[in-house]
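> everything below, folded, please.
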Amino acid sequence: MSTDPDTILLEAEDLMSKAIDHLKHEFRGIRAGRASPGLVEHVKCEVYGAPTELKSIAAVNVPEPTQLLIKPFDPSTIQAIKKGIEDANLGLNPQVEDKAIRVSIPAMSTDRRKELVARVKKIGEDQKVVLRNARRDANKHADALDGFPEDEIKTLHSEIQDLLKKYEGQINDLSEAKVKEVQEV
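Numbering: from 1, shown residues only. Sure, this is the predicted structure:
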């Protein structure tokens with residue numbers, strides 16, 4: 001348990017910062033209208049008896065705005081990579097070509113765009129819940145502080161609230177930008 005106001009504030013900010021990092025990580029996997037390595041690099045592929053992220057077993061390039069070219073470091077893993085992409089339910093159809101996999105990124109339907117917008121908003125809301133939990137915990141620790149003047153505790157509560165507003169604003173900005181990117185035709 002934290003013993004001073006500065007530590008409580010730092011711990012709350014650290015948790016809130018991690019929520020933003022998680023949000024950015026999640027958004028990288030949501031496709032917009034163009035090809036991006038982030039679309040598939042976190043796909044899990046069953047190779048060597050364990051689920052492994054695609055980026056650690058293959059190079060992912062973007063030869064054209066609507067295509068990905070995946071070159072496995074070990075050609076024997078090509079079928080496992082193809083299966084991993086298919087199982088990830090990204091709406092992609094990987095095609096094996098010699099020692100590489102070509103993935104054409106189809107134009108998204110209006111329904112698919114709506115699904116992705118809803119997913120973006122849900123991920124944003126989930127991270128706001130993480131922020132609010134961090135605020136709640138920090139406020140509990142602040143209330144449990146002994147030996148500090150009441151006005152210092154009140155100041156700490158308002159600083160925690162300011163942190164929450166700052167990070168919620170970042171989540172709103174990132175979510176709006178991702179929604180705009182998904183809706184782009």
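> run through the strands of this protein in chain order.
Assigned by DSSP state E, the chain shows strands spanning 44-47, 50-53, 58-64, 67-72, 93-97, 100-104.
> next, format the ones you listed as a markdown table and append mean pLDDT and mean neighbour count.
Any C-beta I mention is one placed from the backbone N, CA and C, and that applies to glycine too. Shown next, in a markdown table, are the strands of the chain (pLDDT from 0 to 100; neighbours: other Cβ atoms under 10 Å):
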| stretch | mean pLDDT | mean neighbour count |
| --- | --- | --- |
| strand 44-47 | 90 | 18 |
| strand 50-53 | 90 | 13 |
| strand 58-64 | 90 | 16 |
| strand 67-72 | 92 | 19 |
| strand 93-97 | 91 | 13 |
| strand 100-104 | 91 | 18 |
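> switch these over to a markdown table; also include distance to Ile171.
Formatted as a markdown table, the strands of the chain follow (distance: least, Cβ to Cβ, whole Å):
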| stretch | distance to Ile171 |
| --- | --- |
| strand 44-47 | 26 |
| strand 50-53 | 25 |
| strand 58-64 | 28 |
| strand 67-72 | 28 |
| strand 93-97 | 33 |
| strand 100-104 | 30 |
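> indicate which one of those strands is closest to Gly38.
Smallest distance to Gly38 across those (Cβ to Cβ): 8.8 Å, for strand 58-64.
> spatially nearest residue to Gln79, not counting backbone neighbours?
Nearest non-adjacent residue to Gln79, counting by Cβ to Cβ, 6 or more residues apart in numbering: Val96, 7.5 Å away.
> isn't the one you found up against Ile81?
No - using Cβ atoms under 8 Å, Val96 makes no contact with Ile81, being 9.0 Å away.
> what's around the nearest residue to Ser17 once chain neighbours are set aside, how many residues?
Once flanking residues are discounted, Ser17 sits nearest to Tyr167: 7.6 Å by Cβ to Cβ, 6+ apart. For Tyr167, the neighbour count with other Cβ atoms under 10 Å is 24.
> from Leu92, how far off is Tyr167?
33 Å (Cβ to Cβ, to the nearest Å).
> coming back round to it: which one of the strands of the chain lies closest to Lys122?
Ranking the strands of the chain by proximity to Lys122 (Cβ to Cβ) places strand 44-47 first, at 21.3 Å.
> centre of the chain versus the closest one, how much separation?
In terms of Cα atoms, centre = their mean, to the nearest Å, the centre of strand 44-47 is set 20 Å apart from its chain centre.
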